[in-house]
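1. give me a 3D structure for the following:
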Amino acid sequence: PVLLLHLLGGIVGYWLPKLTGFGEVKSRTMAIETSMKSSAFGFLLAKLHFGDYIARVPSAVSVVWMALTGSLLAVVWRYIPVKEDE
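-> As a prediction, the model looks like this:
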């Protein structure tokens, strides 16, 4: 579920701007930003509202997937050129 959150964030973050008229560069930027959700905020909320340490684990795992997903998108798109008119 954690990996799916970041993947869906990247997919929706790319296609929604494209469908609403944004250019390629802005769509790519929004995809990277939405795929890199703030897992630290989830960790803080779990720490404040739940006593068990196990409640913090999903946020800790999410940090790893967040970094991998956003970085992978950035690296892949670095080598796919953008047309000049966008």
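2. list of residues touching the lowest-mean-pLDDT helix or strand in the chain?
-> Ranked by mean pLDDT, DSSP states H and E, the weakest helix or strand in the chain is helix 39-49, scoring a mean of 83. Defining contact as CB atoms under 8 Å, 6 or more residues apart in numbering, one finds that helix 39-49 is touched by Ala55, Arg56, Pro58, Ser59, Ala60, Ser62, Val63, Met66. The C-beta positions use only the backbone N, C-alpha and C, and glycine is treated the same way.
3. switch to 10 Å and redo it
-> 2, 5-6, 38, 52-67 (CB atoms under 10 Å, 6 or more residues apart in numbering).
4. just the buried members of those?
-> Val2, Leu5, His6, Arg56, Ser59, Ser62, Val63, Trp65, Met66 (16 or more other CB atoms under 10 Å).
5. buried residues in the least confident helix or strand of the chain?
-> Ser39, Gly42, Phe43, Ala46.
6. same check, this time on stretch 63-79
-> Result for stretch 63-79 [16+ other CB under 10 Å]: buried residues Val63, Trp65, Met66, Thr69, Gly70, Leu73, Trp77.
7. for Lys83, see how far away Lys18 is.
-> 13 Å (CB to CB, to the nearest Å).
8. next: Arg28.
-> 12 Å.
9. isn't Thr29 up against Gly13?
-> Yes - under the criterion of CB atoms under 10 Å, Thr29 makes contact with Gly13 at 8.9 Å.
10. the more surrounded of the two?
-> Gly13 (20 against 17; other CB atoms under 10 Å).
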